[in-house]
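Enquirer: I'd like to go over a predicted model; first the sequence, then the structure.
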Amino acid sequence: MSASAGAIAFAGLVMKELRQVRSDPRILPLLVVAPLVQLVVLAYAANLDVATARVLVVDQDGSAEAREIAQRLPNTGSFEIWSTTDDPRRIDDALNRGDADVALTLPKGLGRTLGHGRPATVQLTVDGSDSTAASIALGAAGGLTQRLSREWSLVPSLPIASEAATQRTPVELVSRVLYNPDLRSRIFMVPGVLAMVLLVVTMIATSMAIVREKELGTLEQLVVTPISRTVLLAGKLVPFLLFGLVDSVVVLLVTRYWFEVPFVGSVAFLFANLAPYLASTLGLGLLVSTVSRTQQQAMMTALFLVMMPMLYLSGFVFPVESMPAVVRPLTEIVPLRHFLVILRGVMLKGAGLTALWPSVVKLWLIGLVTFAAAVALFQKRAR
């Protein structure tokens with residue numbers, strides 16, 4: 001074949017592919033719209049800066065010094081006061097539920113101790129399940145106590161301004177890190193792998209398996225058989241459900257005994273909440289299969305329009321608290337976000353339904369609605 005003939009053939013093939021893309025209303029949005037969606041979502045969600053930590057202030061003293069310490073917390077830019085109380089029993093509950101990230105305890109007698117020129121101790125209790133946020137909170141709190149100590153040591157009206165007092169720190173910070181004392185980032189990241197494995201196995205594999213039946217023409221043959229559509233759908237989905245359960249057990253065992261991530265909660269409670277998560281991922285896979293004609297199209301749709309946005313908006317990589325306020329409501333409809341809260345709460349904190357019920361309710365609602373919509377659309381398209 002001559003060079004000119006090869007060039008003509010090449011041009012013809014290019015034009016043929018462009019016509020096919022233009023004639024297929026499903027591929028063109030994937031090639032043009034999907035990158036724009038990814039850019040917008042990533043630009044807003046991809047923020048590794050840790051937002052302000054929510055602080056529960058436990059003021060058992062009520063002195064002017066205690067109030068000043070509490071009032072100076074927001075000025076650091078790393079804290080915002082979530083609530084103030086004098087009951088230390090609220091600490092574990094607030095951190096366990098995720099309502100607060102940090103608890104600052106100002107003990108009784110703090111003002112009197114400082115007034116006599118003696119160093120006083122305040123305690124910072126941190127949720128260490130997110131090691132990065134915990135490290136920043138500890139550093140910011142330590143910097144605040146050092147600044148206060150220097151300022152108070154220079155106030156002439158206070159006894160601690162004596163020469164001897166200036167040689168020691170009037171306010172000492174004692175830190176207590178819960179759930180991840182060593183602040184290992186692996187403790188935070190590894191549990192999320194389970195959720196991602198289930199997402200890949202159930203959503204992408206399900207969508208591609210059903211689309212493969214379409215490509216081979218066997219799906220239409222099954223539809224016209226006496227088998228009911230419900231039985232047909234169950235037969236297609238149950239194998240991937242079983243694979244998801246097996247993968248869950250394997251990943252949990254590896255996480256616990258190889259990576260040494262603690263599991264202090266209820267296994268039964270965790271697996272009970274696998275049901276709505278798997279319902280949502282299987283439903284998403286089914287939805288992808290109904291709008292896709294080829295396996296390649298199903299893969300692109302699943303990756304670019306479903307999986308990657310879910311990954312960005314779930315909090316698996318980028319903290320939800322660091323996202324703009326306009327984006328955060330979108331994260332509420334992402335099943336991966338709520339399953340990660342449940343997963344980390346059960347594994348690292350030993351939390352149960354009392355602490356995790358908001359995420360449990362949202363996950364069940366998302367799972368049921370997604371699966372029901374997917375089944376209805378699939379049955380409609382299969383008629």
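Expert: All right, it came through fine. Since we're looking at a predicted model, the values are computed, not measured.
Enquirer: pretty sure residue 333 sits in a helix.
Expert: No: counting by DSSP: H, G, I helix; E, B strand; the rest coil, residue 333 is located in no helix; its state is coil.
Enquirer: for it, give me its contacts.
Expert: Applying CB atoms under 8 Å, 6 or more residues apart in numbering, one finds that residue 333 lies in contact with residue 366. Where you see a C-beta, it was placed from the backbone N, CA and C, and this is true even at glycine.
Enquirer: just the pLDDT for it.
Expert: You'll see residue 333 listed with a pLDDT of 91.
Enquirer: also the one 10 residues further on?
Expert: pLDDT recorded at residue 343 is 91.
Enquirer: which residues in the stretch 251-383 of the chain form strands?
Expert: Along the stretch 251-383 of the chain, no segments are classed as strands by DSSP state E, counting those that start in this stretch.
Enquirer: once you drop chain neighbours, what's closest to the spatially most central residue of the chain?
Expert: Nearest to the centroid of the C-alpha atoms of the chain, with distances taken as CA atoms, centre = their mean, sits residue 315, at 2.8 Å. Sequence neighbours aside, residue 337 is the residue nearest to residue 315 in space, at 5.5 Å (criterion: CB to CB, 6 or more residues apart in numbering).
Enquirer: what about the one you found, distance to residue 374?
Expert: Using CB to CB, to the nearest Å, we find residue 337 at a distance of 19 Å from residue 374.
Enquirer: any idea which element residue 84 lies in?
Expert: strand 79-85 (DSSP states H and E).
Enquirer: tell me the contacts of the residue nearest to residue 315?
Expert: With contact taken as CB under 8 Å, 6+ apart, residue 337 is in contact with 313-315, 320, 331.
Enquirer: please spell out the ChimeraX selection for the buried subset of the residues you listed.
Expert: Selection of the buried residues among the contacts of residue 337 in ChimeraX, burial being defined by 16 or more other CB atoms under 10 Å:
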select :313,314,315,320,331
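Enquirer: nearest to residue 170 among the contacts of residue 337?
Expert: Nearest to residue 170 among the contacts of residue 337 is residue 320, at 37.7 Å by CB to CB.
Enquirer: so what's the closest residue to the closest one other than its chain neighbours up against?
Expert: Spatial nearest neighbour of residue 320, chain neighbours left out: residue 331 (5.3 Å); criterion: CB to CB, 6+ apart. For residue 331, the contacting residues are 313-315, 320, 323, 337, taking CB under 8 Å, 6+ apart as the criterion.
Enquirer: let's see which of those end up in helices.
Expert: Counting by DSSP state H, the members of the contacts of residue 331 that fall within helices are 313, 337.
Enquirer: might one say that residue 313 is in contact with residue 330?
Expert: Yes: contact between residue 313 and residue 330 holds when scored by CB atoms under 8 Å: they sit 5.9 Å apart.
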